[in-house]
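Asker: Got a sequence here, can you build the structure:
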Amino acid sequence: MTAMTPKVTSAHPPFCEGIQYFGEAFPEFEKYGQTSAIASGQTSVSDPQDPTAVYQTLLAADALRYLTLQVTGSKASGHPGGFASQAEAYASLVMLGYKNIITEVGHHAPGFYSAMFLDRSLEDMGISTVQQLRDRFRERDGLLGHLSGFIPGILAPAGPLGQGQHFAMSAAFLHRDKLFPFTLGDGGLGEPYIMSSMAHFNTAYPQVTNFLPILVWNGYSQEHHSMVSLKTNEEMITYWRGNGFAEVVLVNAKDFDDQNQPGEYVDSTEFSFAKRLEFAKAVLVGMDRAAKSAMSGKLTVFIIKQLKGAGVHAKGSKSHNLYPKDTLDAPHMIESLKARALNPEAWEIVRTNCERAGGGPAGKTVMTEFELELPELGKLTLEEYAVGGDAKISTTAMGALVAQVGQTDKKFIVSNADGNQASQIGNINEALKIVHPTPDDEYNQGPDGQVYEPLSEDACAGFAAGLCLMGGRSLWCSYESFAINGLPIWQTVTQAMAELRRPTPSTITLFTAGALEQGRNGWTHQRPEIEAYFAAMMRNGNIFPLFPTDANSIQACYEWALNTKNKGIVITASKSPLPIRTTFEQTRQGLQDGAIVLQETSGTKKVVFAAIGDMILKPVYEAAKTLEAEGIGVKIVSVINPRRLYLPHETAWDTCSQADGIFLDNIKFAQIFDGDALIGITGGAGAMLEPIMLRSTAPRTTVSWKRGETTSSAGELMAFNGITAETLVKKVKQLVK
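Answerer: Below you'll find the model as predicted:
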């Protein structure tokens, strides 16, 4: 194709300002490029076999390639190669009217942004021209390097591999009348969670098949050949069928190659124009077949096999990333852009099709642009136990409330890899049932259950967090020891929630069986270091770790969490019967202030014990008795909501969607924590005490978890870690001597 002048004239559509090169029209443009294939008032092409539809699908694919390369080239940074290898697939989805498109590949971001530009979604960000698209790419308050739901029309974030399918499955579960395709790179296919999570989901919900993996099989990952690059077509098909996929649609570019390209992976942009059209038709028709299959109840995958970097500046892994040498002034970049350049009239046709597809810009039509209507929960029935009465199990008390939520909201899901029974929340299973293909009343399981139990924390966290991101309610339950395996996607979702332009239910977790309860199991079950992860995340501004004091407190904590939006809320509690020390109102005040005073006595000196957790209070109360007998006054403070104890400038709260700017002021902080000495105590990571230690001016120290060991009791494990009444008394005397 011969390139024309890069100068934009008034003859060009205004949105084309910033396009450096225009080309001559494709062959037969006067026949197939005069009228939009998606007619006015329609949302898709009427027939994927129609030559005009095929022709304009190819135009759209090259428009996406051109924009992807020019946008990344404008910063000599970003990732064009992976998206370029599946441009025909993305273009086909759009031409067929599907815009609820997700990706597992953060490196596809510039392609997705190009698509959002073409359908005018980015105009909501003030991006109306290609020049503005270039200027805002990889800039703050612009188009960040990897996908975010902050961008209009983008349904979910994408960065770490192995996450996209969770978002697609969650969306499909909540919106069963819509298709949710997601692109999946063959480099990421080696991530073990992807196939196992889809297989478990399909076993649990065989009727929910309206998510469609689009495998981009281009032979390469980020820096080398992909691990599946040597598989034959038959082996790849068998692999997907062996993982439960009833329909596998594979379109291989090599079947259309008339240029004798070497190897199993070829570049369709090198074909003759006639063969390019044949390939585009095969993708469009195949995608239509796959989409209809997925929507009709079959677990389906679409595979496009084409060389990575097809149609851009380099091939294979060398096309993955741009480097400082890859500027728009570089000869190889100029040559590549000219090869993909379209005539102005083609740009207009592509823009019209993209805007009409799916009923309008993705930023106005996809399901994540709207708040999902949910059943009203009403006022939950809480059971308040008498302070000083019989010991109660906190997790069981919360389980009763969880059951009420699920009985009201039938799309509410509870996920747990280890099983709820082990965490003393078997009452959830009794009320909501485990979703399972084998009905069995003895085990509270059946096909219509609401408790999701894959043996993978990634799958548990992914489905639960994904549901909240997509607008639904959920609860992820885990042993504190093992939750770390699911935290990457939970963190991704909470970060995304901080950016969302719409309210959505907070993603809530319940982490049980704390380290102190797991003596006999040894260090494999004693990993409260996870609390340091949440301590760091508190600075984000929308993360709230909660530490209920007892079975009353946990009910108030969950009640509060259910009424929040766009937050990540972690409830950590023991599964052992423990004393009732608080009323509902005390915890509600503690949620507001961050902490509450449980007990206060006077003496010659005043020491403050700031305790995080429930079981940890036992040695604290024992130490208080000893100190009081010696004439030292003691104030025992239960820290319930430590995020409230930071000063506002110490977190990014004001940058968060649905911002929560409530922090304990200095006067109230002094009322709760001032004394002659302060000791912060936790059975977990000492980092969680940071907000208190930063603000207190009293002589102070901490007592916290060190490491695990096999012991016969919680007391012995606490002693191993130096968390005893004797240690606390000794530290007090060192501080107030």
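
Asker: Report the rounded mean pLDDT for the helix or strand where residue 352 lies.
Answerer: Counting by DSSP states H and E, the element that carries residue 352 is helix 344-356. The average pLDDT within helix 344-356 is 97.

Asker: what's that helix packed up against?
Answerer: Applying 3 or more C-beta pairs under 8 Å, 6 or more residues apart in numbering; DSSP states H and E, one finds that helix 344-356 contacts helix 51-73, helix 87-95, helix 109-118. (Glycine included, C-beta is placed from N, CA and C.)

Asker: what residue is smack in the middle of this structure?
Answerer: residue 493 (3.2 Å; C-alpha atoms, centre = their mean).

Asker: Contacts only, for the nearest residue to that one once chain neighbours are set aside.
Answerer: Excluding the flanking residues, the one nearest residue 493 by C-beta to C-beta, 6 or more residues apart in numbering is residue 465, at 3.9 Å. The contact partners of residue 465, taken as C-beta atoms under 8 Å, 6 or more residues apart in numbering, are 166, 474, 476, 489-490, 492-494, 507.

Asker: Give me the secondary structure label for residue 465.
Answerer: helix (DSSP: H, G, I helix; E, B strand; the rest coil).

Asker: excluding its backbone neighbours, what's nearest residue 391?
Answerer: Nearest one to residue 391, counting by C-beta to C-beta, 6+ apart, is residue 577 at 3.8 Å.

Asker: what about that neighbour, neighbour count?
Answerer: Residue 577 has 13 neighbouring residues, counting by other C-beta atoms under 10 Å.

Asker: Tell me how far it lies from residue 395.
Answerer: 11 Å (C-beta to C-beta, to the nearest Å).

Asker: what do you get for residue 454?
Answerer: 21 Å.

Asker: who's more crowded, these two?
Answerer: Taking other C-beta under 10 Å, residue 454 and residue 395 do not tie; residue 395 has more neighbours (27 against 21).

Asker: who does the host helix or strand of that one touch, helix- and strand-wise?
Answerer: Take DSSP H and E as the rule and residue 395 turns out to sit in helix 394-408. In terms of contacts (3+ C-beta pairs under 8 Å, 6+ apart), helix 394-408 is packed against helix 426-432, strand 507-512, helix 551-562.

Asker: hmm, try it at 6 Å
Answerer: helix 426-432, helix 551-562 (3 or more C-beta pairs under 6 Å, 6 or more residues apart in numbering; DSSP states H and E).

Asker: which stretch among those helices comes nearest residue 319?
Answerer: Proximity to residue 319 (C-beta to C-beta) singles out helix 551-562 among the helices and strands packed on helix 394-408, at 45.4 Å.

Asker: what's that closest one packed up against?
Answerer: Using 3+ C-beta pairs under 6 Å, 6+ apart: helix 551-562 touches helix 394-408, helix 584-593.

Asker: Which stretches in the stretch 601-737 of the chain count as helices?
Answerer: Using DSSP state H, counting those that start in this stretch, the helices of the stretch 601-737 of the chain run over 617-629, 666-673, 690-695, 714-720, 725-736.

Asker: need those helices in TSV with mean neighbour count and mean pLDDT, can you?
Answerer: TSV is the format used below for the helices of the stretch 601-737 of the chain (neighbours: other C-beta atoms under 10 Å; pLDDT from 0 to 100):
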stretch	mean neighbour count	mean pLDDT
helix 617-629	19	97
helix 666-673	16	97
helix 690-695	20	96
helix 714-720	19	88
helix 725-736	18	94
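
Asker: No more questions from me, cheers.
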